[in-house]
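K.L.:
Make a model of this:
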Amino acid sequence: MPEVFSMTQQSRKRLTRRASLQVGALGLTGLTLSSSLRLASANEGGGAGLKGTAKSCIFVFLAGGASHLDTLDMKPEGPVETRGEFTPIDTCLPGVQACHLMPKFAKTADQYCLLRGISHSQGAHPQAESYLGTGNSPSPAVLYPSYGAVTTRELPRREDLPPYVAIPTTPWDAGYMGDAYAPFNTNDVPKPGQPYTVRGLSLENGLTIETVNRRTNLLDRINRQFYEANANSQLVDALDQFGKQAHQMMTSSHSQNAFDVGREPESIRQRFDGEELGQSLLLAARLVEHGVPFVTVTSKAHGGWDTHTDNFVGQRRLIEPLDAGMEALISTLRDKGLLDETLVVIMGEFGRSPQINENTGRDHWPRANWSLMTGGGVQTGQVIGATDDKGEGPTGDVDIAPDDIAASIYHMLGIDFRKEYYTATGRPVMLVPKGRVIPGLIGSGTVPATS
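P.N.:
Now for the predicted structure:
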């Protein structure tokens, strides 16, 4: 039977609030943060620094914020003014329920780790999106890089493929790392039965490889002139890298093949419905198979998950395609032998308010959110974290913030989340200074912080 962490379980696999406070107090005595976290881990019965197996990541971003109370953190015994219209159903994990619009998830819940009670204080979309995509609370002093930018810099990649692909776009950019690490936006998604072309990748309107080569040579000469004129080196580096990468992608059969979902077997294509999300997930699976390390899929069809009005109409339009798309993606990655090396993360920037407003909507609620993770070494078949009986905020022994989501993602990808980088002005900045790997998320046991 898969292990399920309930609201009240005292688990030695977690870093408790009390241990967190102890870490803060120890800082006054001169211990380093990494030493303190290792000590806290030891006090909680920590294990041997487990690593994930991920070589790539697909992050499914539910733009606008999915309602936790109407999906995977329902409170059927809560007040009538907060319960909403949807009915909970049992999943294959004992004691865990989901919305009745998620029957596929209910049958396969043991293939995921469900994180509940993820909490922060950023109530506006831009700030919450930035926090989620970087693992750092927004600051006017530093523009932090997103996951894709960091993986572009840190992980091996093919020269003829963009290492960071956003389907169709993403609000997450490269921050202080510069435009050379920015995402490649497809700006469109595949449509069933139609050829799929990506602007800037496909040879269109009679463009030939010979023409591309001439333009590349011209760009090289222009770049050299910029260097000689002492132009902004970061900008020139980005232009130079983009030019070379564009040339490699446009002239590479591997790159063309990677984006061609029409080459997928019919048995695979039939798993994904014709919705924008389903087709985006089909493309994401194909891209990681061909060597793209980081792919974001932004789910914002039908106006996205920002349901201030007619919440239950809007959520219904979005939940059912999500339920179908998740099953199709996970089964496809598994059948291709890619799930163990592909981390899949599904979440929005925050949850929705327990109180239903006068427009039958739910408003922004950063105090409570959920995430699904699987693949890449994630210990599935469990729930980590919980919210109170009204779904207003976290409860129990587990505190999870976006910093911890980020630290866990990086750790599973083999990236040191405490690595120090430098901004363009020479300022040293740690990647995720306040994050820690979520205890119990990877394999079994506690993962101590990276030194």
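
K.L.:
At the geometric centre of this protein, which residue do we find?
P.N.:
residue 59 (3.2 Å; Cα atoms, centre = their mean).

K.L.:
The helix or strand encompassing that residue: what's the following helix or strand?
P.N.:
Under the criterion of DSSP states H and E, residue 59 resides in strand 56-62. Per DSSP H and E, the first helix or strand lying C-terminal to strand 56-62 is helix 80-83.

K.L.:
buried sites along that following helix?
P.N.:
Neighbour counts using 16 or more other Cβ atoms under 10 Å place 82, 83 of helix 80-83 among the buried residues. For the C-beta atoms, the positions are set from N, CA and C on the backbone; glycine is no exception.

K.L.:
ditto for stretch 111-125
P.N.:
For stretch 111-125, a neighbour-count test (16+ other Cβ under 10 Å) marks 111, 112, 113, 114, 115, 116, 117, 118, 119, 120, 122, 125 as buried.

K.L.:
then it to PDB, C-alphas only?
P.N.:
Only the C-alpha atoms of stretch 111-125 are listed here, as PDB (Å, rounded to 0.1, in the frame of the first residue of the first chain):
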ATOM      1  CA  GLN A 111       1.700   7.700  -9.600                       C
ATOM      2  CA  TYR A 112       2.100  11.200  -8.100                       C
ATOM      3  CA  CYS A 113       3.300  13.000  -5.000                       C
ATOM      4  CA  LEU A 114       0.700  15.500  -4.000                       C
ATOM      5  CA  LEU A 115       2.000  18.600  -2.100                       C
ATOM      6  CA  ARG A 116      -0.600  20.500  -0.200                       C
ATOM      7  CA  GLY A 117      -0.500  23.700   1.900                       C
ATOM      8  CA  ILE A 118       2.100  25.500  -0.300                       C
ATOM      9  CA  SER A 119       2.000  29.000   1.000                       C
ATOM     10  CA  HIS A 120       3.500  32.500   0.400                       C
ATOM     11  CA  SER A 121       2.400  36.100   0.600                       C
ATOM     12  CA  GLN A 122       2.500  37.300  -3.000                       C
ATOM     13  CA  GLY A 123      -1.100  38.000  -4.000                       C
ATOM     14  CA  ALA A 124      -0.700  39.700  -7.400                       C
ATOM     15  CA  HIS A 125      -0.100  37.600 -10.500                       C
END
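
K.L.:
Can you tell me the SS state at residue 170?
P.N.:
Of the three states, residue 170 takes coil under DSSP: H, G, I helix; E, B strand; the rest coil.

K.L.:
And the one 3 residues further on, by the same measure?
P.N.:
Classification of residue 173 by three-state DSSP places it in coil.

K.L.:
Now do the closest residue to it other than its chain neighbours: how many residues are near it, please.
P.N.:
In space, not counting the residues next to it along the chain, residue 173 is nearest to residue 182; the distance is 5.7 Å by Cβ to Cβ, 6 or more residues apart in numbering. Neighbour count for residue 182, taken as other Cβ atoms under 10 Å: 24.

K.L.:
Is residue 360 within a helix or a strand, and which one?
P.N.:
Assigned by DSSP H and E, residue 360 falls within no helix or strand.

K.L.:
Distance-wise, check it relative to residue 312.
P.N.:
Distance of residue 360 to residue 312, given as Cβ to Cβ, to the nearest Å: 7 Å.

K.L.:
same check, this time on residue 406
P.N.:
32 Å.

K.L.:
Compare these two and say which is more crowded by neighbours.
P.N.:
residue 406 (25 against 18).

K.L.:
So what's the residue count around residue 92?
P.N.:
There are 14 residues near residue 92, going by other Cβ under 10 Å.

K.L.:
buried set for stretch 94-112?
P.N.:
96-99, 101-106, 108-112.

K.L.:
Against which helices or strands is the helix ranked longest in the chain packed?
P.N.:
Assignment by DSSP state H gives helix 311-335 as the longest helix of the chain. Judged by 3 or more Cβ pairs under 8 Å, 6 or more residues apart in numbering; DSSP states H and E, the packing partners of helix 311-335 are strand 56-62, helix 103-108, helix 276-289, strand 342-347.

K.L.:
Just want the angle from it to helix 276-289.
P.N.:
Counting by axes from the mean of the first three to the mean of the last three Cα atoms, to 10 degrees, helix 311-335 points 30 degrees away from the direction of helix 276-289.
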